[in-house]
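1. Provided below for reference: sequence and predicted model.
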Amino acid sequence: MKSLSLTSRISLLFAVAASLVLLLTGPILTQAVEAHFEELDRYELSGKLELIRNLFNHASGQKQLDRLPQQLDDALVGHPGLAVVVADATGNIWFATSGANFPRTLLQRCISQPQECRAGALQQWQQDGVGYRGMAVSITSGNGMPYAVAVAQDTEHHEHFMGKFKTVLAVAIALAALTTAALGWVVTRWGLSPLRQIADRVAGISAERLAERLPMAGLPAELRPLATAFNAMLARLDDSFRRLSEFSSNIAHELRTPISNLMTQTQVALSGARDKDEYKEILYSSLEEYERMAQMVGDMLYLAQAENGLLVPGQEQVDLASETRDLFDYFEAWAEENAVALALSGAASVVGDRLMLRRALSNLLSNAIRHTPRGGAVQVSMSRNADTVILAIDNPGPAVPAEHLHKLFDRFHRVDSSRHRNGDGTGLGLAICKSIVEAHGGTISVTSDDQRTRFEICLPA
């Protein structure tokens, strides 16, 4: 079955199902036909018994009784296979047709207990390889003499018909199974044509044609969930490929600047003789570019670990308010230089990795300070409900355009010059924040309007 096509499997199952139904129907039909023949024999035998009873009822004298054998012979003309035997009250055979070899027990009860043998019961037996059905009753002649009468019909013609019937039925079942399999193959192939159309459409989709979608119109109800799921998968792949392409472009762009600077500085250093201090200055400048590239590579490796589930946070009690105050001290000089105030309200603690959470807070604070206009204040607030700790970082400034909000956590995403100053950071800070928060089982979101931009982290309490 594993190597068979779906069409062949369904056709085979159709054939098996049809065969089972027909095999179950065959015995029922056979039994019905046999019951019909039995009913015909019962009717025939009952009619003959009634005829014989009527003849005996009208035989009131000896002369009439003497004429009865001839009358019985005349009445049985044209009934081949029908046998009749009549016995008197002493058990002596009074009349019998040729071949009337009845079982003795068929007449015995009617002779010994005539009052209880008024209605004959159909009986069956085999004799000399021939099957018989017979009935026996007790009757009274016109002069009041009791007699036992038995009639029998051989069933050879019935058995011959049933043999042919069973043969024809077996052939019909086999042909019906084959016909059902053939029709099942045709119907299944026709019914699966939408699936083949989907397969042909899918076969034409490549990395360059991920924008294509499977048509939903005209699809059977059973295939619509499949097409919907496949279209959703294509949308995810298209988005992932687009992000990967943008990411590759961003990496090339981010690395090109420091590499160009290093090449320029090296060319300048080699263009003429310089004193020791000038070489030192060039080396220090080169070192800054190396440090920036090293930080970028480190951040990218960190994000790669996060995407592959390799970030396993530690489990310790982390006082978020204490970590925030320490970061305030760290950023104090930079904030004063930009005339930005830092404020903290509330307190909360969570179980997690202190260094990872500190890195996420540091990235958010540096981002907020960088984009806060002079004279503004960065507000950090903390609160807790039954099962969640909420940490929010607000900074004033122009609104982030709505079309960029959901992309802020993408790698190297830039909004515009008002939200990014050349040379600040690697463009991976918010992406790292998101990976750290999600590694702790939390979520991070951003909202922005004309008054402020707010980053909100929700962590399990």
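-> Thanks, I have it. Residues are numbered from 1 along each chain as shown.
2. hey, which helix or strand in the chain has the poorest pLDDT?
-> None of the helices or strands of the chain scores lower by mean pLDDT, DSSP states H and E than helix 104-112, at a mean of 72.
3. counting contacts, what elements does the helix ranked longest in the chain pack onto?
-> Scanning the chain for the helix with the most residues, using DSSP state H, yields helix 6-57. Packing contacts for helix 6-57, counted by 3 or more C-beta pairs under 8 Å, 6 or more residues apart in numbering; DSSP states H and E, involve helix 62-75, strand 82-88, strand 130-140, strand 146-154, helix 156-191. Every residue, glycine included, has its C-beta placed from N, CA and C.
4. of all the ones you listed, which one is nearest Pro258?
-> Among the helices and strands packed on helix 6-57, the nearest to Pro258 by C-beta to C-beta is helix 156-191 (61.7 Å).
5. can you get me a residue count around the closest residue to Ala136 other than its chain neighbours?
-> Closest residue to Ala136 apart from its sequence neighbours, by C-beta to C-beta, 6 or more residues apart in numbering: Ala150 at 4.0 Å. Residue neighbour count, defined by other C-beta atoms under 10 Å, stands at 25 for Ala150.
6. was I right about Ala150 contacting Ser138?
-> No. Look at Ala150 against Ser138 with C-beta atoms under 8 Å: they stay out of range, at 10.5 Å.
7. shared neighbours, these two?
-> Cys110 (C-beta atoms under 8 Å, 6 or more residues apart in numbering).
8. thinking again about what came up before, the least confident helix or strand of the chain: which residues count as buried?
-> Leu106, Leu107, Cys110, Ile111 (16 or more other C-beta atoms under 10 Å).
9. same list, those, but as a markdown table with distance to Leu40 please.
-> Below are the buried residues of helix 104-112 laid out as a markdown table (distance: C-beta to C-beta, whole Å):
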| residue | distance to Leu40 |
| --- | --- |
| Leu106 | 20 |
| Leu107 | 24 |
| Cys110 | 23 |
| Ile111 | 28 |
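10. of those residues, closest to Ala294?
-> Using C-beta to C-beta, these come closest to Ala294 at Leu106, 113.8 Å.
11. what's the next secondary structure element after the least confident helix or strand of the chain?
-> Using DSSP states H and E, the helix or strand that follows helix 104-112 in sequence is strand 123-127.
12. outside of that next one, which residues touch it?
-> By C-beta under 8 Å, 6+ apart, strand 123-127 touches Asn101, Pro103, Leu106, Gly131, Tyr132, Arg133, Gly134, Met135, Ala136, Thr155.
13. please pick the buried ones from the residues you listed.
-> Leu106, Tyr132, Arg133, Gly134, Met135, Ala136, Thr155.
14. Arg67: which of these is nearest?
-> Ala136 (23.5 Å).
15. neighbouring contacts of the strand or helix carrying Leu357?
-> Assigned by DSSP H and E, Leu357 falls within helix 354-370. Here helix 354-370 makes contact (C-beta under 8 Å, 6+ apart) with 311, 313-314, 316, 318, 320, 323-324, 326-328, 330-331, 334-335, 338, 340, 342, 350, 378, 380, 391, 393-395, 421, 424-425, 429-430, 432-433, 436-437, 439-440, 453, 455, 457.
16. in it, what's buried?
-> Residues 354, 356-370 are the ones in helix 354-370 that count as buried (16+ other C-beta under 10 Å).
17. between these, which sits nearest Leu22?
-> Nearest to Leu22 among these, counting by C-beta to C-beta, is Met356 at 70.2 Å.
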